[in-house]
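Undergrad: Just a sequence and a predicted model for now, questions to come.
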Amino acid sequence: MVLWNITTLVAFGFINFFSYSIYYFMNASLKIKFREDGHLFAWLASLWVGGLPLLGYSILIYLTVYIYSHEKKQQPLYFKNFLVFALQVSVMIPVFITTKKLVLVSPFIGLYVSIMLALFATQLVTIVSYHLLYSVSWKGKRWRQKAFEFVWMDAFSISTFLFVNRLLPQLENGFYWRLSSQAFLLIFVILRFGMRSIGISQRDKIVETMNESQELNGKLSVANNQVLTAFALSLEKRDAYTAGHSERVAMYANKIAIELGVDPKIQRSIYLGGLLHDIGKIGIPDVVLNKLGALTEEEYSIMKRHPVIGEELLRGIYHNYPLIKEDEKQVIIEIVLYHHERPDGKGYPRGLYDDQIPIWSKIVGVADAYDAMTTNRSYRPAMTTERAASILINGSGTQFWRRAVEALVKIEGIEKKSMLV
């Protein structure tokens, strides 16, 4: 029996040594770090195995290692840290005494619940004392959540340790077999200390990597949008009369989409589609694109190719581009291809009818026509907003989508009585 007690002391000596040696740091604030190790595990297990005497022994071993480690590293010993240890013990003991009778109700579940309550109460006091003693702000909650994550892991580990520790004398008859089993159990505890910290640490690294990846994707997405915008705006330099046209169309289209309650995820694609709606004109000869006056039938036929040219251009660019989702690409491409289609089927390039035309294409079609009418062109001066709105209303249901026209008129605050219908 004496030798068995000696093995228990040796085992808990090792447990307390490794409980200090294997740790994990959490940032409680910019200056204060919360050091999470396994000493609560070791101390509570000591209470269950050997009561207050073994707890006192475990505390002595742990503090000896703690003080020696600080002196070896020439680190200061703070009174506040010892006060936290005292508060932990003062909470752990009464909760242990109060809840240990749960084992009589259920040997394993009662043991687990009792340990969980003791660890939770002790960790709660630890966190509160950190806030009060070290003036840590209550705003940051991530470190507190991680601290409590150790509680349920440790509760399960201690329950398993104690349950197996009680079964060993019944399963192993010889002293040396018991000693071997005790050593095996000790190795389990030490490995558990290491795995508990590694698990949390690895998960944090994964979360950090994911956050960095999302941030990088965001930056690349912004860069991509800037490149596409520059690509579209470079087209306008070929024609002074269309300067700023794509940006205004994108703005009007986005406002109409918001007014119509379009899904916010699609609104972004509609805005980009508005910016790129005339990208196909990059393939139209300057002699046609910049002609002063009306186009001939042949020239107009050439001009009507720009939606198809734009669609082919974007499909080539987006083919292997992972930063824009497939559904977003499709919205942008459909805007470029179909923004000149009409509800009456007289549009181009496909001659689609109302229900066949995607709503985002019809929205951009209205925004495109409105901006074209209210800005100076080589063949005519800008119209008033009232005159342009009148033309849109008269063309509703035939040339333009009625709902988009009504939304634009509302957004622009144009009084219908002031229109020339």
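TA: Sure, I can see it.

Undergrad: all strands for the stretch 251-400 of the chain, in order.
TA: Taking DSSP state E, counting those that start in this stretch as the criterion, the stretch 251-400 of the chain carries no strands.

Undergrad: Give the residue spans of it that score low on pLDDT.
TA: Residues of the stretch 251-400 of the chain that meet the criterion pLDDT under 70 lie in 319-324, 378-379.

Undergrad: Can you classify the residue found closest to Asn16 once you drop the neighbours it is linked to in the chain by secondary structure?
TA: Ranked by CB to CB, 6 or more residues apart in numbering and with sequence neighbours excluded, the top spatial neighbour of Asn16 is Ile61, at 4.1 Å. (Glycine included, C-beta is placed from N, CA and C.) Look at Ile61: counting by DSSP: H, G, I helix; E, B strand; the rest coil, its state is helix.

Undergrad: Name all residues that make contact with Ile61.
TA: Contacts for Ile61 (CB atoms under 8 Å, 6 or more residues apart in numbering) come out as 12-13, 16-17.

Undergrad: Weed out the non-buried ones from those residues.
TA: In terms of neighbour count (16 or more other CB atoms under 10 Å), the buried residues within the contacts of Ile61 are 12-13, 16-17.

Undergrad: where exactly do the helices run in the stretch 1-150 of the chain?
TA: 2-21, 39-72, 79-99, 102-105, 109-133, 142-171 (DSSP state H, counting those that start in this stretch).

Undergrad: between those, which gets the lowest average pLDDT?
TA: The minimum mean pLDDT among the helices of the stretch 1-150 of the chain belongs to helix 142-171 (a mean of 70).

Undergrad: Surely His131 and Lys139 touch.
TA: No - using CB atoms under 8 Å as the test, His131 is too far from Lys139 to be in contact (10.8 Å).

Undergrad: pLDDT at Lys101, what is it?
TA: Note on Lys101: pLDDT of 83.

Undergrad: burial of it, as a residue count?
TA: Residues lying near Lys101 (other CB atoms under 10 Å) number 10.

Undergrad: follow-up on the earlier one: please render the contacts of Ile61 as TSV that adds distance to Val405 to the earlier fields.
TA: Output for these, formatted as TSV (distance: CB to CB, whole Å):
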residue	distance to Val405
Phe12	82
Gly13	84
Asn16	78
Phe17	79
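
Undergrad: Which one's more surrounded, His131 and Lys139?
TA: His131 (15 against 6).

Undergrad: what's the closest non-adjacent residue to the more buried one?
TA: Excluding its sequence neighbours, the residue lying closest to His131 (CB to CB, 6+ apart) is Trp138, at 6.3 Å.

Undergrad: Then Tyr134?
TA: Closest to Tyr134 by CB to CB, 6+ apart is Ile32, at 5.0 Å.

Undergrad: got a list of what the one you found touches?
TA: Ile32 touches 130, 134, 136, counting by CB under 8 Å, 6+ apart.

Undergrad: So the first one is in contact with Val136, correct?
TA: Yes - using CB under 8 Å as the test, Tyr130 is close enough to Val136 to be in contact (5.5 Å).

Undergrad: Overlap of the contact sets of these two?
TA: Shared contacts of Tyr130 and Val136 (CB under 8 Å, 6+ apart): 28, 32.

Undergrad: The stretch 201-350 of the chain: helices as residue ranges?
TA: Secondary structure of the stretch 201-350 of the chain (DSSP H, counting those that start in this stretch): helices at 245-259, 264-276, 286-289, 297-303, 306-318, 326-338.

Undergrad: any idea how far the residue nearest to Tyr134 is from Leu63?
TA: According to CB to CB, to the nearest Å, Ile32 and Leu63 sit 21 Å apart.

Undergrad: How about Glu149?
TA: For Glu149, the distance to Leu63 equals 26 Å [CB to CB].

Undergrad: now the closest residue to Ala389 other than its chain neighbours: how far from Thr384?
TA: Residue nearest to Ala389 in three dimensions, not counting chain neighbours: Ile414, with 4.7 Å by CB to CB, 6+ apart. Applying CB to CB, the value for Ile414 to Thr384 is 10 Å.

Undergrad: For these two, indicate the residue with more neighbours.
TA: Applying other CB under 10 Å to Ile414 and Thr384 shows that Ile414 carries more neighbours, namely 19 against 14.

Undergrad: Might you report the residue contacts of the more buried one?
TA: Counting by CB under 8 Å, 6+ apart, Ile414 touches 385-386, 389.

Undergrad: my read is it is in a helix, agree?
TA: No - Ile414 is assigned coil when assessed by three-state DSSP, not a helix.

Undergrad: for stretch 395-402, the distance to its chain's centre please.
TA: From the chain centre to the centre of stretch 395-402 is a distance of 42 Å (CA atoms, centre = their mean, to the nearest Å).

Undergrad: That stretch: which residues count as buried?
TA: By 16+ other CB under 10 Å, the buried positions in stretch 395-402 come out as 395-396, 399-402.

Undergrad: wouldn't Ala118 be in contact with Met92 here?
TA: Yes - using CB under 8 Å, Ala118 is in contact with Met92, at 5.6 Å.

Undergrad: joint contacts of those two?
TA: Taking CB under 8 Å, 6+ apart as the contact rule, Ala118 and Met92 both touch Leu44.

Undergrad: more neighbours, these two?
TA: Set Ala118 next to Met92 and count neighbours by other CB under 10 Å: Ala118 wins out with 28 against 20.

Undergrad: residues touching the more buried one, list them.
TA: Neighbour list for Ala118: 44, 92, 95-96, 99 [criterion: CB under 8 Å, 6+ apart].

Undergrad: Next one: it from Ser69, what distance?
TA: Distance, Ala118 to Ser69, by CB to CB: 26 Å.

Undergrad: One more: Val89?
TA: Look at Val89 and Ser69: by CB to CB, they are 20 Å apart.

Undergrad: Same question for Gly140.
TA: To Ser69, Gly140 is 27 Å away according to CB to CB.

Undergrad: burial measure for the residue lying closest to Arg315 once chain neighbours are set aside, as a count.
TA: The shortest distance from Arg315 to any non-neighbouring residue, by CB to CB, 6+ apart, is to Ile333 (6.4 Å). Neighbour count of Ile333, defined by other CB under 10 Å: 22.
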